[in-house]
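> sequence plus the predicted model coming up.
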Amino acid sequence: MTFALSEYHQQKKEEFRRFAAAELDSGSEFPWTNLNRAAAKGYMGLPLPKEWGGGGEDFLTYILLIEAVSAVCASTGVIMAVHTSVGTYPLFLYGRDEQKKRYLEKLARGEMLGAFALTETGAGSDAAAITTTATRVKGGYRINGCKIFITGGGEADLYTVFALVSPPGGRRAMAVFLVEKGAPGLEVSPPERKMGLNRSATTALYFNDLFVPEENRLGEEGAGFGIAMSLLDGGRIGIAAQGLGLAGACLDYTAALLKKRIEADIEVGQGSLFTLADLSARKQAAALLTYRAAVVKGCGRRCTGQASMAKLFSTDLAVEAAARCLDLAGLEGMSDNNPLARYFRDAKVTQIYEGSNQIQRIVIARELHGG
Ligand code: CAA
């Protein structure tokens, strides 16, 4: 049993940290510049096999990337995480060869951006309650319905869309469809105005009799719910890494701030240092949970419980770290230009999306009693 990153993973962590510090910005527009720079480095499909345009790295290495990127720009972090784990992986895991040829290589190279369309107004936590339908017609399906809170909406080139093949409805009728940007019948709402992660476009998608050819169904009819759940296992580890990156950024900023105060002979109370010490210990614990889940996933084993624990612990920490570090910074942390203010706004949603932390508790509890 070992608790340290291998030398290889440590080197990768440093490589990603240098990349994020030197090449990424935390501006205000959709971060195409960051995404293009990541693509140029081969980072948009890091854990996908090289034969399909990916980086051929393991899942842990990908998680270290998302952590490093999120510490500089958490919006870029979530777009990359969604693109990779729930936008690109479905093609790799469930795509037929001709679907892989058409889309996977471009997604893995970052020439296309992927997004995931599951959530609906009445189906957020209860993912089985979706009502979007895919009605069989000659040569394919017609999709009708509406998805909300889609990360990368309007910017993405390919949406993985979950719909009920009707009749009949219900979870066992769920199937997955690949819908391209600009498809006739696809309408995208303007981006939501949000408290945080403002660079990441979040939109609704409306499907009005949208025709999807048979060859764009991913997996079998009825397999959709299991596909969604298995993808979310990996997706949640990505969000845990995003939380870890945000918590680390809060701690680094605040430790440097307190050091500056000490050097300037401004009194820093022991309580402030204890706060940083507590957060630091919890960050180590979050890293261990997140890296463990990534290793289990990387071995091809089911990681549902580990992923939920990592997501729960790490994103709760991100919110707590941002709030406590703002306390320590005092009024200077309140300025809109202060990174702590941005970390605080960005952190909150990590507890809510990719399955709220209440859902993570349900998943963990079910695993405990085997139900
Ligand atoms: N892997 C594979 N299969 C799984 C699975 C997993 N992790 N979890 C469940 N399944 C299978 C079960 O084996 C079961 O199969 P059978 O029907 O063949 O027996 C089936 O799925 C149903 O499982 P459950 O009984 O557990 O399903 P449920 O209806 O009780 O729901 C839930 C479980 C965990 C609450 C689920 O609804 C859920 O995860 N909700 C949250 C949804 C979510 O995370 N949405 C995120 C949206 S994407 C996003 O946020 C991205 C972003 O922008 C950042």
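Here it is on my side, so go on. These numbers come from a predicted model, not from an experiment. Numbers count the residues shown, from 1 in each chain.
> how about the residues of the stretch 201-350 of the chain by the ligand?
225, 226, 229, 230, 232, 233, 304 (CB under 6 Å from any ligand atom). C-beta here means a position set from N, CA and C on the backbone, and glycine is covered the same way.
> in strands, which of the residues you listed fall?
Taking DSSP state E, every one of those sits outside strands.
> any of those buried? List them.
225, 230, 232, 233, 304 (16 or more other CB atoms under 10 Å).
> please enumerate the strands of the stretch 101-250 of the chain.
114-117, 133-137, 140-151, 158-166, 174-180, 186-188, 202-213, 217-218 (DSSP state E, counting those that start in this stretch).
> and the helices in the chain?
Counting by DSSP state H, one finds helices in the chain at the ranges 7-23, 32-40, 59-72, 74-81, 89-94, 97-99, 105-109, 224-263, 270-298, 304-329, 339-348, 357-369.
> wait, which of these is closest to residue 215?
helix 97-99 (6.8 Å; CB to CB).
> would you mark the buried spots in the closest one?
For helix 97-99, by 16+ other CB under 10 Å, it's residue 99.
> which residues does that helix contact?
Residues from elsewhere that reach helix 97-99, judged by CB atoms under 8 Å, 6 or more residues apart in numbering: 91, 178, 215, 216, 218.
> what residue of the protein is the furthest out?
Within the chain, residue 265 marks the point farthest from the mean C-alpha position, 42.0 Å out by CA atoms, centre = their mean.
> re the thing from before, looking at the strands of the stretch 101-250 of the chain, spot the one closest to residue 249.
Between the strands of the stretch 101-250 of the chain, strand 140-151 lies closest to residue 249; by CB to CB that is 20.2 Å.
> hmm, that closest one in reach of the ligand?
Yes: counting by CB under 6 Å from any ligand atom, the ligand is contacted by strand 140-151 at residue 151.
> CA atoms only: put that strand into PDB for me.
Extracted in PDB, the C-alpha atoms of strand 140-151 (Å, rounded to 0.1, in the frame of the first residue of the first chain):
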ATOM      1  CA  GLY A 140     -34.100   7.000 -37.000                       C
ATOM      2  CA  TYR A 141     -35.900   9.000 -34.200                       C
ATOM      3  CA  ARG A 142     -37.600  12.300 -33.700                       C
ATOM      4  CA  ILE A 143     -36.600  13.900 -30.400                       C
ATOM      5  CA  ASN A 144     -38.900  16.300 -28.500                       C
ATOM      6  CA  GLY A 145     -38.300  17.900 -25.100                       C
ATOM      7  CA  CYS A 146     -36.100  20.200 -23.200                       C
ATOM      8  CA  LYS A 147     -32.900  19.900 -21.200                       C
ATOM      9  CA  ILE A 148     -31.600  22.500 -18.700                       C
ATOM     10  CA  PHE A 149     -28.300  23.500 -17.100                       C
ATOM     11  CA  ILE A 150     -26.200  22.100 -19.900                       C
ATOM     12  CA  THR A 151     -22.500  22.900 -19.300                       C
END
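> any quick PyMOL command for the buried ones out of the contacts of helix 97-99?
To isolate in PyMOL the members of those that are buried, counting by 16+ other CB under 10 Å, one can use:
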select buried, resi 91+178+216+218
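> for the ligand, state which of the contacts of helix 97-99 is nearest.
Using CB to the nearest ligand atom, residue 218 comes nearest to the ligand of those, at 15.1 Å.
> right, and the closest one touches residue 94 too?
Yes: Residue 218 is within contact range of residue 94, at 5.1 Å (criterion: CB atoms under 8 Å).
> quick one, what contacts the residue of the stretch 251-371 of the chain found nearest the ligand?
Nearest residue of the stretch 251-371 of the chain to the ligand (CB to the nearest ligand atom) works out as residue 355 at 2.9 Å. By CB under 8 Å, 6+ apart, the contact set of residue 355 is 125, 232, 236, 308, 311, 363.
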